[in-house]
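In: have a look; sequence and predicted model below, questions after that.
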Amino acid sequence: MLVAQRHELLLRELKAHGALKIVELAARLRVSSATIRRDLAELAEAGRVARVRGGAMLVTRRGGPDQAHVRQWADASLPAPATGARDEDGPVLGLLVPSMNYYYPQLVTGVRSVAARRGARVVIGLTDYAEPSDLDQIDDLVASGVAGLLITTAEGHHTPTGTLDRLRATGLPFVLAERQPRDPFEPCEFVVSDHRQGAYAAVRHFVALGHDRVALYVNGSPTAPLIQEGHAAAVRSLGLDPSAPVVDGGRPRLGSAEAIQHYDGFIERCLAGGVRAALVHSDHDAIELTRRLRVHGLRTPDDLALIAYDDEIASLAEVPLTAVAPPKHELGEQATRLLLDRLDAPEPPAVRQLVLQPRLVVRASCGAAAHRHA
């Protein structure tokens, strides 16, 4: 069976059933689970399906998975707690996330693991970066009878004041995950990754490899401004040449002429200015940049060393990408602990605000191996 034919059959199965596990898809198509995983990775990159732990679901016309299937999947795939660990009357937690096909599946897995151990159930609401529905989804979660809320809004790293007001009006305890209030004195619980620190660590690594200029490419996501701040702070404090390109390519469709124009322009500016190292957000953009370099007869890391930001699929690039890895799973765990602790406490505990530092995972794309053998 040709790859294109298999992809079409996969899409038909998902359209018919909404969501299926990898083992089910492998049995239906009579191929290995490894083949299904590769096919789903390609279809997810093309925006045709949404990956979830252990399987996939078809995306809607708006680019996200069907809301009913997300709720069904989240409940069905909740890890079974140990015998006696869950009370039938245990709390139900409402979880709001902007996506289930990139970045947030690991956070959701962390939420589910702690909830299962402590006898809670999770109901998911899905908002959307392109057409945010944060307030409607919060209202739906409250109407479903949840005892508390874990919230990741679609409208930037700083949760809007109106959304915070709506959350307070529910009367339910809530914790922000990968989001925080703009006002640093807001008495609101949150758990966030320190993306400034992550970007700083990437630039510092390049400096250790001998680079005095480090470019930056970001993709217009809510994380992008924080990465830019961390990059700028590193350039200043490490005494780097500030002339290296800093580009926000926005969020064009992957593979589109607009995206290719952004990537090629960034490469041209780097090479013209003698810049041989770049931090790139996200993994998808870094992978596309390596492909565009190859199209132009250039190589990673020889002509342009790269560090990706997110570490979702960085290891799968043709040249495995060194990447900054935010602690997504741990963040979900910590946020859930904060919420359950508040629900279980006889008296309201002190407000807690946690900041977790990302890790730098070194692979081939930054040139570290060549540097060690030089």
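Out: Great, that's in hand.

In: from here on, just use CA atoms for contacts and neighbour counts.
Out: Fine.

In: looking at the nearest residue to residue 90 once chain neighbours are set aside now. What's its pLDDT?
Out: In space, residue 90 comes closest to residue 120 once its chain neighbours are excluded; the distance is 5.2 Å by Cα to Cα, 6 or more residues apart in numbering. Here, the pLDDT recorded for residue 120 equals 95.

In: cool, and the one 3 residues further on?
Out: As summarised for this prediction, residue 123 has a pLDDT of 93.

In: does it sit in a helix, a strand or a coil?
Out: Here residue 123 is recorded as strand under DSSP: H, G, I helix; E, B strand; the rest coil.

In: how close does it get to residue 57?
Out: Noted for residue 123: a distance of 17 Å to residue 57, by Cα to Cα, to the nearest Å.

In: for residue 155, same thing?
Out: For residue 155 relative to residue 57 (Cα to Cα), the value is 24 Å.

In: of these two, who's got more company?
Out: Here residue 155 and residue 57 are compared on neighbour count by other Cα atoms under 10 Å; more neighbours surround residue 57, at 29 against 21.

In: surely that one touches residue 14?
Out: Yes - Residue 57 lies in contact with residue 14 (Cα atoms under 8 Å); the separation is 6.0 Å.

In: now the strands for the stretch 201-350 of the chain?
Out: In the stretch 201-350 of the chain, the segments counted as strands under DSSP state E, counting those that start in this stretch are 215-218, 246-248, 277-280, 305-309, 322-325.

In: any idea which of those is most buried?
Out: Highest mean neighbour count among the strands of the stretch 201-350 of the chain (mean count of other Cα atoms under 10 Å): strand 305-309, with a mean of 31.

In: what lines up beside that one in the sheet?
Out: Strand 305-309 pairs in its sheet with strand 277-280 (parallel), strand 322-325 (parallel), by DSSP bridges.

In: what is the mean pLDDT for the first one?
Out: pLDDT averaged over strand 277-280 equals 98, rounded to a whole number.

In: now do it: everything it contacts.
Out: 199, 202-203, 206, 211, 213-218, 286, 304-309, 366 (Cα atoms under 8 Å, 6 or more residues apart in numbering).

In: and if you look at the last one?
Out: Contacts of strand 322-325 with the rest of the structure, by Cα under 8 Å, 6+ apart, involve 198-199, 202, 306-312, 314-315, 358-366.

In: try it again with 7 Å
Out: Under the contact criterion Cα atoms under 7 Å, 6 or more residues apart in numbering, strand 322-325 has outside partners 198, 202, 307-311, 314, 358-366.

In: just the buried residues of these.
Out: Buried by 16 or more other Cα atoms under 10 Å: 198, 202, 307-311, 314, 358-366, out of these.

In: which ones among those residues map onto helices?
Out: 198, 202 (DSSP state H).

In: the stretch 251-374 of the chain: helices as residue ranges?
Out: With DSSP state H, counting those that start in this stretch, the ranges of helices along the stretch 251-374 of the chain come out as 257-272, 283-295, 328-344, 368-373.

In: and the angle from the first one to helix 283-295?
Out: So the one you mean is helix 257-272. Helix 257-272 runs at 70 degrees relative to helix 283-295, counting by axes from the mean of the first three to the mean of the last three Cα atoms, to 10 degrees.

In: redo the strands of the stretch 201-350 of the chain as TSV? Include distance to residue 141.
Out: Formatted as TSV, the strands of the stretch 201-350 of the chain follow (distance: least, Cα to Cα, whole Å):
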stretch	distance to residue 141
strand 215-218	33
strand 246-248	34
strand 277-280	35
strand 305-309	31
strand 322-325	30
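
In: and of these, who's closest to residue 340?
Out: Smallest distance to residue 340 across the strands of the stretch 201-350 of the chain (Cα to Cα): 26.1 Å, for strand 322-325.

In: what pLDDT, on average, does the closest one get?
Out: Mean pLDDT, computed over strand 322-325, is 98.

In: so who does the residue most central in space within the chain touch?
Out: Against the mean C-alpha coordinate of the chain, by Cα atoms, centre = their mean, the closest residue is residue 103 at 1.8 Å. Residues near residue 103 by Cα under 7 Å, 6+ apart: residue 312.

In: switch to 6 Å and redo it
Out: Residue 103 makes no contacts at all, as judged by Cα atoms under 6 Å, 6 or more residues apart in numbering.

In: helix or strand: which one has the closest residue to residue 129 other than its chain neighbours?
Out: The spatial neighbour of residue 129 that comes closest, neighbours along the chain excluded (Cα to Cα, 6+ apart), is residue 154 at 5.1 Å. Residue 154 belongs to no helix or strand when assigned by DSSP states H and E.

In: for residue 331, see how far away residue 154 is.
Out: Note on residue 154: its distance to residue 331, by Cα to Cα, is 17 Å.
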